[in-house]
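*Asks:* next comes the sequence, and after it the predicted model I'd like to discuss.
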2 protein chains.
Amino acid sequence: MVKVKVLSHQKEIECNKGDNLLELLRGNDIFIDAPCNGSMVCGKCKVKLKSGEVESQINIHVNEEDQNQGYILSCASKVIEDIEIEVPSKFSKSMNEMKIEGSDKNKDKKIFDKAINILKDSKLNFTKNIFKKYIELDEPNLDDNISDIDRIQRHIRNNFGYENIEFSINLLRKIPIEIRENNFKITITYEIKNDIMYLIDIDSGNTEYKFYGIAVDIGTTSVVACLVDLKSNEIIDKESSGNAQMQYGADVINRIIFSTKKDGLDNLKHAIVDKTINPLIKKLCNKNEVEKDYISYFVVAGNTTMSSLFLGVHSDFLRQEPYIPPFVKSPNLRANDIGLNINENACVYLAPSVASYVGGDITAGVLSAGIWASEENVLFIDLGTNGEIVFGNKDYMMTCACSAGPAFEGGGISCGMRASGGAIEKVDIDKNTLKPNLKVIGDCDPIGICGSGIIDLICKMMISGIVDRRGKINRDLQNKRIRFNEHDIGEYVLAFKDEYDIESDITVNEVDIDNFIRAKGAIYSGASTLIESLGMDFSAIDKVLIAGGIGNSLNIENSIMIGLLPDINREKFSYIGNSSLIGSYLTLISSDAKDKLEEIGNQLTYVELSVYPTYMDEFISACFLPHTNIEQFPSVKNILGE
Amino acid sequence: MVKVKVLSHQKEIECNKGDNLLELLRGNDIFIDAPCNGSMVCGKCKVKLKSGEVESQINIHVNEEDQNQGYILSCASKVIEDIEIEVPSKFSKSMNEMKIEGSDKNKDKKIFDKAINILKDSKLNFTKNIFKKYIELDEPNLDDNISDIDRIQRHIRNNFGYENIEFSINLLRKIPIEIRENNFKITITYEIKNDIMYLIDIDSGNTEYKFYGIAVDIGTTSVVACLVDLKSNEIIDKESSGNAQMQYGADVINRIIFSTKKDGLDNLKHAIVDKTINPLIKKLCNKNEVEKDYISYFVVAGNTTMSSLFLGVHSDFLRQEPYIPPFVKSPNLRANDIGLNINENACVYLAPSVASYVGGDITAGVLSAGIWASEENVLFIDLGTNGEIVFGNKDYMMTCACSAGPAFEGGGISCGMRASGGAIEKVDIDKNTLKPNLKVIGDCDPIGICGSGIIDLICKMMISGIVDRRGKINRDLQNKRIRFNEHDIGEYVLAFKDEYDIESDITVNEVDIDNFIRAKGAIYSGASTLIESLGMDFSAIDKVLIAGGIGNSLNIENSIMIGLLPDINREKFSYIGNSSLIGSYLTLISSDAKDKLEEIGNQLTYVELSVYPTYMDEFISACFLPHTNIEQFPSVKNILGE
């Protein structure tokens, strides 16, 4: 046995000689971001070795400067003797302390109201199939001595007309005490399904006014939860955090691979339920003085992998041809099936998936975006981790998934990060000095760059001639912000450490740019293939709705410039926020919306791009700035022509 | 902290000064029989103090001889210093090592066959609503890529016609692996209820022939379980043991009181599920090479308190006026709701109760006894712990409960025990020498006396003049077997320790006799009140069926002699065994029987004796040998007249 002292966390860990350092730290609850999940690809899991030695595999991520500072790549290191290490401060916060941009209540309200109006315009009702009612039972006596359950049942039959009631054994256990606490005056919380009343809870006295639900969007990268008052349908509060599964891989493929390892599935379920969602619920409850037992309904939207891992279901066949999801429709679930820290019998509903790579986040997004009710042709693009696209109107809807990876959420980029405090969200570059002008979320020193920032950056690098249309840095430019390493990989310095109070320079290199170009190429070619499969082209689009965590700072003009979005009338574009969360919220407050959501799940026609004949060519052509065929981007041609 | 060394169990327990010795031993899993649950009434929890001292409350149970031998009453003793004790060897066996009499397979088969014939005569079917079927799913490909659940659902819809399938999250978790293990050839185990298919399990390959159920009778004192082949409906094996709750009180009232103490309810549930039923299941599975996951159905019959404690439901209102049970009909239950060690999704069904003191053991008993189908008037008496009585025929059925206590199972009698190895089951007494002739179960040295033995004993003591009709021992008799203690309580020696290789004399005293007379008086007066309430008398009875653990050795003649049973034609009587277990078995193998059982639960009219005007007088008159009104027992009058 040897010892690893983690100075930054004041923790001492005993382990066996030869243990992998990344796995060891994770196993001891020390958060390390490792998008590639320990395959020595991303280079993000560096830690500082302060004493002792490790046995490290050679890798390209630790350069000379890193070495001098003592950095090692934890996934490439085996512990062979007692060591002392320091985990970088960027990992010192737990996942759920990381806030996502956009908790601006007014902005939120507008977006949510818009979605509600779509439902109202389509005459959907805002009634639920979950209810809370105060009732007064007859008190028992020797002549009326039926059982407690029969007494409740009799009242329900006589007053509500339901013959069948069901309840969990946990509720049964507390009924005798609860109904007597206030002389047989009780409040029942229940769900009606196929004419059966399912009792969620029984409280003594009148608690009708304590009736809450939670709507959640489980993103691969970020998770957002809304606490909703089910009496008024108002959103009381919203909280967000990173998905704690991130430490097991940045994208769904890496997580699925991790899930097949010993205890992998359990760890992933634990990460999303106990380390991400339950802390969010706790925060929402504490802040708003809501007791968890009064949360009776929980709706969640997430991609197919997130849904599957949330339930702890074996997920490996999602990534193996022929790509079969374990389930698409929500099973009947109660909170304690999953370990959610709300009322143990609360209904839990998952937005339905369509296929392995088009999940409940998309059906919920389509619900809130209103494509199902639209006369016009809508192109819906969800720029999350990976990208999913829907094209259609009220008569038909097609969908596909693009392997864009997590680039739009800052993944796959050496200095990439999510759109949270410290992220560069907007970039301009002075054409003469090549000096960047940065806008940082929270107006603090920059830590990294988020999706909208990268779009701006690459656009401006292209326009100012720092990169060519292949994404390669111009070797002829003489500027201190442009430099090349020993492998001749060029990089551009966004922020020198001396300019700010930061640990090291923030740079973007050719590998990052290449990664990003592939991501935007996947989206563009996906959209064009999908529309083409219907015998149409981009001119058929009446509206483009962009959803996802990329945030409000998305610059449409710049996105077209780099060839992420098609070069059509700018007025057709709008950003509709976290459409998955909004759809999840709509489902929570309206059973009509829930029915509509199920309908959407059945209606969406999935197009598997990988077997679509022209897709690969389209993709390769789109891996260019903006595209190999510049004619598809007349406005870019104009500007580059200048 | 002080130490208690339990020499007999090679165990050392640390505890606080002042801890109660009985509670300490129980808490450390050392079985001590304490029918009165530590209220210093029964005197059964004696242990031998080998070194050290305890602080003991004065009580009548430790006499001089006991003191000399070092016996202390554990419930009356506080630990104040380090001690060494020895727990009597009669407690050294765990509850589930104690066998109940009657595992004679042939005798069993006859009794079960008789009950099956009643069902057949009434044209009830032997089909179940639980099924096991081998199916072959279509293998998925890129063109047929619906989810695993949808694939199963599609097959079921097309081949079985059911639209709705339900399943637990645990089953969902294993489905992806299980269906692929044998190329989408699987066996489904399912329940049909209200046209919904509930999937209990999915196995890869064909396991149709592994289809089992378990039928259980939970008695207050004893528990019996049958392993049943659900394909053939044959009973594979039967196992029985004591109810491990016994250490928390011999009767339901003491257990309910214990259930209201801290952790009491949990301890009682743990005792019946984990310490009694699960070991029985394990034994049945091991002996017969049955894997627990293939046990798909579990039916249990028990009195209302046993049913409630089995589910861990708050039970205190059962014993408080107006005596309200928490439930009477079985809730929808799965094995893992309760912690039964069978398939976690197995259906669990409880025979319905009628009232707080007429439970599922009686409805199941009525089912197997066939009263619901009888043209004749049947008097059904269940001589278990307490006694329940049913009177009626196919047109009506009345029922009542008598507070007889556990006397018929050996409770409340100083040398009483259950009908297991070592119990005196038959007694005769030589009129001249007053020497008893004993028949002992297992033909070994006697340990105590069981219910049928006590009936014989009291009858013979009366006939030979040892006791008078009040149950008092004749002070004029000079015999070494008759003696009186310092309080002038008389006793009769059944077995001197020198006659056998036993630790101490086996005696029955006036207090025991008084207890037993009250028990038999409760049954007799209950039956007469119930029949009288219909404006009839005993002459209206066509048949008397006696059920319960009292066993085959019950002597009808002697039972009439002492006034337990009415003095009518002996040919009307028959012993029908453990009718609760048989009813539980019938319910397991026939859903028609289950429906009938529910009907019986609704039909049985409960008569609350305690509020019935003439009951108390009847009871007092019946607390005599055989009765204050000897005219009701002409045959006894004849014999005593001799």
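*Replies:* Perfect, I can see it now. These figures come from a predicted structure and were not determined experimentally.
*Asks:* find the closest residue to chain B in the stretch 501-642 of chain A.
*Replies:* Closest contact between the stretch 501-642 of chain A and chain B, by C-beta to the nearest C-beta, is at A:Val611 (6.3 Å). Backbone N, C-alpha and C define where each C-beta goes, glycine included.
*Asks:* which of the helices or strands spans A:Leu379?
*Replies:* According to DSSP states H and E, A:Leu379 maps onto strand A:378-384.
*Asks:* about what we covered before: what sits against the residue of the stretch 501-642 of chain A closest to chain B?
*Replies:* Shown in contact with A:Val611 (C-beta atoms under 8 Å, 6 or more residues apart in numbering or on different chains): B:Leu142.
*Asks:* ok, A:Cys285 next?
*Replies:* A:227, A:291-292, A:295.
*Asks:* most neighbours out of these, which is it?
*Replies:* A:Ile295 (25 neighbours; other C-beta atoms under 10 Å in any protein chain shown).
*Asks:* next one: the nearest residue to it once chain neighbours are set aside from chain B, what distance?
*Replies:* In space, and not counting its chain neighbours, A:Ile295 is closest to A:Ile342: 3.8 Å by C-beta to C-beta, 6 or more residues apart in numbering or on different chains. According to C-beta to the nearest C-beta, to the nearest Å, A:Ile342 and chain B sit 16 Å apart.
*Asks:* hmm, A:Asn336 and A:Ile342 touching each other?
*Replies:* No - using C-beta atoms under 8 Å, A:Ile342 is not in contact with A:Asn336; the gap is 9.3 Å.
*Asks:* more neighbours: those two, which one.
*Replies:* Comparing A:Ile342 with A:Asn336 by neighbour count (other C-beta under 10 Å), the higher total belongs to A:Ile342, at 26 against 17.
*Asks:* mind checking how far the more buried one is from A:Asn278?
*Replies:* 9 Å (C-beta to C-beta, to the nearest Å).
*Asks:* do the same with A:Glu599
*Replies:* From A:Glu599 to A:Asn278 the distance is 32 Å (C-beta to C-beta).
*Asks:* which one's more surrounded, the two?
*Replies:* A:Asn278 (17 against 14).
*Asks:* list the contacts of that one.
*Replies:* Contacts of A:Asn278 (C-beta under 8 Å, 6+ apart): A:339-341.
*Asks:* element containing it, please.
*Replies:* Going by DSSP H and E, A:Asn278 is part of helix A:278-288.
*Asks:* can you get me a residue count around the closest residue to A:Gln603 other than its chain neighbours?
*Replies:* In space, and not counting its chain neighbours, A:Gln603 is closest to A:Met397: 5.7 Å by C-beta to C-beta, 6+ apart. A total of 21 residues lie near A:Met397 under the criterion other C-beta under 10 Å.
*Asks:* distance of A:Met397 from A:Leu534?
*Replies:* As judged by C-beta to C-beta, A:Met397 and A:Leu534 stand 11 Å apart.
*Asks:* shared neighbours of those two, anything?
*Replies:* Counting by C-beta under 8 Å, 6+ apart, the common neighbours of A:Met397 and A:Leu534 are A:Phe391.
*Asks:* show me the strands in the stretch 401-550 of chain A, by range?
*Replies:* A:423-429, A:436-440, A:448-449, A:482-484, A:490-495, A:506-509, A:543-547 (DSSP state E, counting those that start in this stretch).
*Asks:* in JSON lines, list the ones you listed along with distance to B:Val79 and mean neighbour count.
*Replies:* JSON lines is the format used below for the strands of the stretch 401-550 of chain A (distance: least, C-beta to C-beta, whole Å; neighbours: other C-beta atoms under 10 Å in any protein chain shown):
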{"stretch": "strand A:423-429", "distance to B:Val79": "66", "mean neighbour count": "23"}
{"stretch": "strand A:436-440", "distance to B:Val79": "69", "mean neighbour count": "18"}
{"stretch": "strand A:448-449", "distance to B:Val79": "65", "mean neighbour count": "26"}
{"stretch": "strand A:482-484", "distance to B:Val79": "80", "mean neighbour count": "16"}
{"stretch": "strand A:490-495", "distance to B:Val79": "72", "mean neighbour count": "22"}
{"stretch": "strand A:506-509", "distance to B:Val79": "70", "mean neighbour count": "22"}
{"stretch": "strand A:543-547", "distance to B:Val79": "70", "mean neighbour count": "23"}
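*Asks:* among those strands, which is nearest chain B?
*Replies:* strand A:543-547 (24.2 Å).
*Asks:* helices and strands around that closest one, which ones?
*Replies:* helix A:360-369, strand A:378-384, strand A:573-577, helix A:579-589 (3 or more C-beta pairs under 8 Å, 6 or more residues apart in numbering or on different chains; DSSP states H and E).
*Asks:* list the contacts of the spatially most central residue of chain A.
*Replies:* Taking C-alpha atoms, centre = their mean, the centroid of chain A lies closest to A:Gly219, which sits 1.4 Å from it. Contact analysis of A:Gly219 by C-beta under 8 Å, 6+ apart lists A:243, A:302, A:306, A:361, A:384-385, A:409, A:549, A:580.
*Asks:* now swap in A:Ser635 and tell me
*Replies:* Shown in contact with A:Ser635 (C-beta under 8 Å, 6+ apart): A:560, A:567.
*Asks:* switch to 10 Å and redo it
*Replies:* Counting by C-beta atoms under 10 Å, 6 or more residues apart in numbering or on different chains, A:Ser635 makes contact with A:557, A:560-561, A:567-568, A:570, A:626.
*Asks:* what about it, which helix or strand?
*Replies:* Element membership of A:Ser635, judged by DSSP H and E, is helix A:634-641.
*Asks:* in TSV, list the contacts of A:Cys285 along with pLDDT and secondary structure.
*Replies:* Below are the contacts of A:Cys285 laid out as TSV (pLDDT from 0 to 100; DSSP: H, G, I helix; E, B strand; the rest coil):
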residue	pLDDT	secondary structure
A:Leu227	97	strand
A:Glu291	97	coil
A:Lys292	98	helix
A:Ile295	98	strand
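*Asks:* between the residues you listed, which is nearest chain B?
*Replies:* A:Ile295 (19.2 Å).
*Asks:* and that closest one, what are its bridge partners?
*Replies:* According to DSSP bridges, the residues that bridge with A:Ile295 are A:Tyr212.
*Asks:* check contacts around it.
*Replies:* Contact partners of A:Ile295, counting by C-beta under 10 Å, 6+ apart, are A:210-214, A:227-228, A:230, A:281, A:284-285, A:335, A:340-343, A:346.
*Asks:* all helices for the stretch 151-300 of chain A, in order.
*Replies:* A:169-181, A:252-259, A:264-272, A:278-288 (DSSP state H, counting those that start in this stretch).
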